[in-house]
Structures are given as structure tokens and as C-alpha cells.
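Participant: this is the structure alone, sequence omitted:
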């Protein structure tokens, strides 16, 4: 093969690779870019390539009492669900990681069950129970339904994190006189902290983005942002939905930026290993 053919084939491969990358970027980023444009669009009429930019829809959203109520509900219920999940699941994850007991693997796998099939049937069953307990249309009911979506992350990731900690470090602390609690809080917990932060991040996002169960349990007075999104998309002009979508994405973006130093593939891989 001559040098000319070699460079021609290499150039063709490079062009195909760049084209595929640009197509993928357009597929992923195109809808996000359109969403951002609509969020700041006053009017956008054919044949204009760009809209008339305005903040009027932001004022409209932030002055809407139902929307601000939904924002407050989301920013209240999701952190509560995350904290409760951590208090319940982290001790359980430590037990899964450090102790052998009958049906341990079966119990650990059971936390996948809520994510193994459509959840609407599960939500209906839980709603029936909450109705009997007079917890429908309450903050407690919304938190409990959001708690379900956090269990997988708050059990599996910390379990893998605790399993990956070298026990020799804990044994060394015990040898110099540290008790079990002091060893856990001064040795085990600081080492496990990155994995626990990742678990908390994903748990918060799962609780914050939960919509189906909250719609069933929280309607009509305890509406969160994802539930409110349905109403805005169906009943209001397109820029309203775009503005609210940006607002709905901000907590996720902030948490990702804060926790980016802890987002390492090793922690996630360890969390999903048995």
C-alpha cells in the first residue's frame, strides 16, 4: 500500500470518528441547548433562528405561589428522606460488609427488587397502606415514598465501601487501646466518607426526582417539583416548562459540582459488587 493510500485511509477514519463524536454531542447536548434557549425566550417565531430573549417567564414562575410551594416541598422532603435513609441504611450496610449471616446475599439482592420492575404497582400498594395509616397527603407520606428510591444506593454503595477498607487499620487501632466506637468514628468512617458522600448524592437525587409515588401519595396539597412539572408542561406555554426544567436541574448540578472530587469509578464499582 502506498503512502498516499495510507494517509487517505487514516484521514477517512479520523473524519468518521469526528463525525460520530459530533453527532453524539448534538444528540446529547442539542435538547439541553434548546431547553436553555427556551428558558430565556420571550417569543420565538418562525423564521427567526434565535428568540427574543427575556426574563419574563422567570418572573412568572418565581411569582407563582403553587410553584414556590412545590420548590419548598422538594427542598424539604428530599433532604429529610436522604438523612433518614443514611441513619437506617449505613449501619445495615456495615453489617452486610463485615458480618456473615444466613441469607445475607439474598437480603442484599432484595434491595434491587424495587428497581427490577415498574414501580407504579408498588406505589399503589404502599399508598393503600398509607391511606389506612392516615398518611396520605402528608409530608410524612411523601418522605416515606421517596425513601424507597434511596435504599438501593444507600445500601449497595456503602456496603462496597466498607468491604474495601483494610481491616488491618482497624485492628491496629484496637491494638493500641481504641474501643469499637472510637475505631469506627476515627478510622473506618473517615476512610469510608467518599463512598458515603456518593451514596448520599445519588440518594438525594433519587428522592428529589421521584414523581409517580409522590403524585399518588402527596396530591393535592404536598406537590413536589417533578409532579408540578407535569402540570406546567401540559397547561402552560413552552417557556414555562423550560424555566422550571432548569430550576429542577439546579440542585442536581450543584450537588455534582460539590461532590465531583469524590466521584471516582472505584467507589461506584465497589458499591455494585457482591
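Facilitator: Sure, I can see it. Remember, predicted model here, so these are calculated numbers, not experimental data.
Participant: give me the distance between the nearest residue to residue 104 once chain neighbours are set aside and residue 84.
Facilitator: Among residues not flanking residue 104 along the chain, residue 96 sits closest, at 6.5 Å (Cβ to Cβ, 6 or more residues apart in numbering). (C-beta placed from N, C-alpha, C; glycine too.) Residue 96 sits 19 Å away from residue 84, going by Cβ to Cβ, to the nearest Å.
Participant: count of residues packed around the residue lying closest to residue 182 once chain neighbours are set aside?
Facilitator: Spatial nearest neighbour of residue 182, excluding adjacent residues (Cβ to Cβ, 6+ apart): residue 173 at 7.5 Å. Residue 173: 18 surrounding residues under other Cβ atoms under 10 Å.
Participant: try residue 70
Facilitator: For residue 70, using other Cβ under 10 Å, the count is 25.
Participant: hmm, it is touching residue 223, no?
Facilitator: Yes - the pair residue 70 and residue 223 passes the contact test of Cβ atoms under 8 Å, sitting 4.9 Å apart.
Participant: please enumerate the helices of the chain.
Facilitator: Here the chain has its helices, by DSSP state H, at 3-39, 56-62, 65-98, 104-110, 120-132, 139-163, 167-175, 180-183, 189-208, 212-218, 225-235, 238-259, 265-271.
Participant: as CSV, these with distance to residue 49 would be great.
Facilitator: CSV is the format used below for those (distance: least, Cβ to Cβ, whole Å):
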stretch, distance to residue 49
helix 3-39, 10
helix 56-62, 20
helix 65-98, 30
helix 104-110, 53
helix 120-132, 41
helix 139-163, 41
helix 167-175, 61
helix 180-183, 64
helix 189-208, 35
helix 212-218, 38
helix 225-235, 25
helix 238-259, 17
helix 265-271, 40
